[in-house]
Structures are given as structure tokens and as C-alpha cells.
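Colleague: Using only what follows, build the 3D model:
(one chain, ligands or ions: 2)
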Amino acid sequence: MNPLFDSSAASSFDPSPFDSSPFDVELAFADVEPGDGQRWSTWPATTPSQRGPEPRPAWVVTSAGALDTERGVLKTGKEADVFLLERAVPDDAAQRTLLAAKRFRSTEHRTFHRSSVYTEGRGVQNTRDARALAKKSGFGRDIAAGAWAFAEFQALSRMWQLDAPVPYPVQVSGTEVLMEFIGDPDGTAAPRLAQIRSDRAELTEFYAQVVEIMRVFAAAGFTHGDLSPYNLLVHDGRVRVIDLPQIVDIISNPQGLDLLHRDCVNVCDWFTRRRVECDAEALFAELLAASYT
Ligand SMILES: Nc1ncnc2c1ncn2[C@@H]1O[C@H](COP(=O)(O)OP(=O)(O)OP(=O)(O)O)[C@@H](O)[C@H]1O
Ligand SMILES: [Mg+2]
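Modeller: Ligands and ions are numbered 1, 2, ... in the order given. Presented below is the predicted three-dimensional model:
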């Protein structure tokens with residue numbers, strides 16, 4: 001048994017694509033069948049609202065003949081697990097891409113420690129869904145996981161369109177978000193800022209990039225809400241921000257100001273300890289002003 005499919009994370013993985021394939025695909029790729037840890041690409045089954053913003057980067061593989069292959073675990077977490085996925089058309093080197101698959105858990109083992117603070121002011125439209133969520137039934141937990149996946153997908157889409165350095169969101173399907181893999185073509189993931197050993201000059205440059213990211217968020221009225229050196233990846237000298245499902249509207253969320261302030265303090269504490277000049281209060285004031293204009 002493939003261990004990837006043996007973990008609790010796998011319970012949120014929809015197995016149906018493994019045994020169903022579109023009829024025309026079967027005709028065109030009659031000699032190809034998904035093997036262990038593979039499924040047909042889930043792209044053709046997505047609706048336009050589940051697909052990332054246009055124009056799509058050229059590397060996105062949209063062929064119905066592509067296979068998704070599990071390449072390993074990038075990180076397991078409390079609320080979600082992130083896997084490395086290869087989406088490729090067999091025997092076509094031009095149509096091969098690595099993706100990060102973030103799968104939100106819908107099991108009882110998951111604790112959404114950050115739920116309520118962030119969701120204040122966000123309504124659940126359907127009353128049956130709202131009741132299920134309130135009761136935290138199995139159905140409710142599935143909805144919660146799907147809602148967080150969709151929230152992350154939407155936040156990534158929005159920030160991508162504002163040219164913020166986020167991974168391109170390829171698609172969302174149920175509890176799974178597929179996004180650009182930040183790392184090397186051999187599958188080595190980009191390190192988190194927290195793991196980086198750099199000199200002060202380089203850290204000063206990274207700090208400038210982080211502030212620029214925060215400015216883009218603030219100008220759109222948002223703060224990340226969980227910003228830390230663990231949710232910032234460094235690749236090719238460029239800082240990229242991830243983990244956005246709890247993105248916070250600074251003004252309409254009752255905790256908006258507190259969360260903006262916390263993001264500033266978390267960032268500045270880390271850089272200050274590394275002797276990079278950083279004033280959390282000045283940064284907070286600047287971003288707050290930017291969010292009002
Ligand atoms: N697009 C990506 N490319 C490369 N690595 C990624 C990507 N997305 C996530 N990761 C890796 O997976 C880890 C967890 O991702 P993320 O922070 O989004 O999930 P999480 O469930 O909130 O995890 P945590 O609780 O640790 O913050 C990241 O720290 C990073 O190492
Ligand atoms: Mg994270």
C-alpha cells in the first residue's frame with residue numbers, strides 16, 4: 001500500500017478520479033492507465049470558478065490525457081497536509097509540471113485553532129450548512145475543510161492578480177488546492193525564511209521584500225493574518241508568501257487591526273533578532289494608512 005494513501009490526510013483525497021476517466025480520454029490514451037499513487041488529472045472536471053486567474057501561466061497542464069502522480073509529502077500540519085504532485089502527459093516532456101497539493105483535513109483529528117477569529121463577518125449562505133458547521137458533524141467538518149480550501153484558493157487568486165509573489169493557484173477541487181510548486185525541478189522545496197542562514201545584507205534585502213508584500217496586501221485592504229518566517233519561502237533570492245486561507249480584511253474584521261499588528265510584530269521580532277533594523281509600530285502605522293486609501 002502506498003503510505004501516502006494510508007495516512008489520515010488521504011481521507012480528504014477524492015479517490016474517484018482513479019477509477020473514472022472521460023470517455024474520449026479512454027479512446028485517446030487506451031494504453032495508459034493510472035497506476036499506484038496516480039489518478040487522471042482532475043483539471044477537466046473543474047468548473048471555471050475553480051480554476052486560477054487568466055491569463056494562465058504557460059506551464060499549467062490542462063490536457064485531459066495528463067496523469068497526476070504523488071511524489072511525496074512536503075509537510076504535514078494540523079489543518080492541512082501538503083504533497084508534491086506531478087501532473088504530466090505521458091511521453092510528452094513539454095507537458096510536465098510539479099504542483100503543491102494542499103489538502104485540508106476533514107477528519108476528527110484536525111483542530112481548526114484559527115477558525116473563529118478569522119471567520120467573523122464571513123457568512124455561510126446555506127442554513128443546512130450553517131447548522132452542520134455549528135454542530136461540527138462529519139458533514140460539517142467536510143464543509144469546513146472545503147470552505148478553507150476555497151478561501152485559500154480565492155485569496156491566492158486575488159493576490160496573484162495584484163502581482164503579489166504568491167504561488168499561482170491552479171485549481172481547487174473539494175478540500176484540495178493545487179498550486180505552483182515553489183522549488184527546484186527535481187522536487188526540492190524552497191526553504192522557509194525561518195531556515196535560511198544569510199548575512200545581514202541579504203536579510204535586509206529579504207526584509208524589504210516582505211514589507212513590499214505587506215504593502216500589496218494592505219493596499220487591497222488585507223493583512224495575511226498568520227505571517228511568520230514559516231509562511232515565507234525563499235527561492236532564487238525571491239521571497240514568496242504562502243498559507244493564506246485566513247487572510248483578514250483589516251477594516252471589516254473586528255480583529256483586523258490586532259491581526260495586522262500581530263503580523264508586523266511577528267515579522268519585526270524575527271528580523272530584529274537578526275540585527276535587521278525594523279520598527280513594528282512604524283510598519284503598522286504605514287500599512288494601516290495604506291489600507292485606508
Ligand atoms: N506552493 C508550495 N511550494 C513549495 N512548498 C510549499 C508550498 N506550499 C506549502 N509548502 C510547504 O508546506 C508547508 C506547509 O504549508 P502551509 O503553511 O500552507 O500549510 P499549513 O497547514 O498552514 O502548515 P503550518 O501549520 O505548518 O503553517 C510550508 O511551510 C512549505 O514548506
Ligand atoms: Mg503555514
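Colleague: any idea of the pLDDT on Ala134?
Modeller: pLDDT for Ala134: 60.
Colleague: Can you tell me which residues in the stretch 151-293 of the chain are near ligand 1?
Modeller: Residues of the stretch 151-293 of the chain lying close to ligand 1 (CB under 6 Å from any ligand atom) are 167, 179-183, 189-190, 192, 230-231, 242-243. C-betas here are computed from N, CA, C, even on glycine.
Colleague: I'd guessed Gln38 sits against Leu67; true?
Modeller: Yes. With contact defined as CB atoms under 8 Å, Gln38 reaches Leu67; the gap is 5.2 Å.
Colleague: any idea how far Phe174 lies from ligand 2?
Modeller: I think there's a mix-up here, since residue 174 is Gly and not Phe. 20 Å (CB to the ion, to the nearest Å).
Colleague: Look at that residue and say how many residues are nearby.
Modeller: 18 (other CB atoms under 10 Å).
Colleague: residues touching Gln161, list them.
Modeller: Pro53 (CB atoms under 8 Å, 6 or more residues apart in numbering).
Colleague: can you pull out the helices in this protein?
Modeller: Using DSSP state H, the helices found in the chain span residues 16-19, 23-28, 115-119, 127-135, 138-161, 200-219, 256-273, 280-292.
Colleague: so which of these comes closest to Pro90?
Modeller: Closest of those to Pro90 is helix 23-28, at 11.3 Å (criterion: CB to CB).
Colleague: Which one of the residues of the stretch 151-293 of the chain next to ligand 1 is nearest to Phe104?
Modeller: Distance to Phe104 across those (CB to CB) is lowest for Asp243, with 11.7 Å.
Colleague: isn't the closest one right next to Pro229, touching?
Modeller: No. Using CB under 8 Å as the test, Asp243 is too far from Pro229 to be in contact (11.8 Å).
Colleague: which of these two has more neighbours?
Modeller: Neighbours of Asp243 and Pro229, each counted by other CB under 10 Å, are more numerous for Asp243; the result is 24 against 21.
Colleague: mind listing what that one touches?
Modeller: Counting by CB under 8 Å, 6+ apart, Asp243 touches Glu152, Asp226, Tyr230, Asn231.
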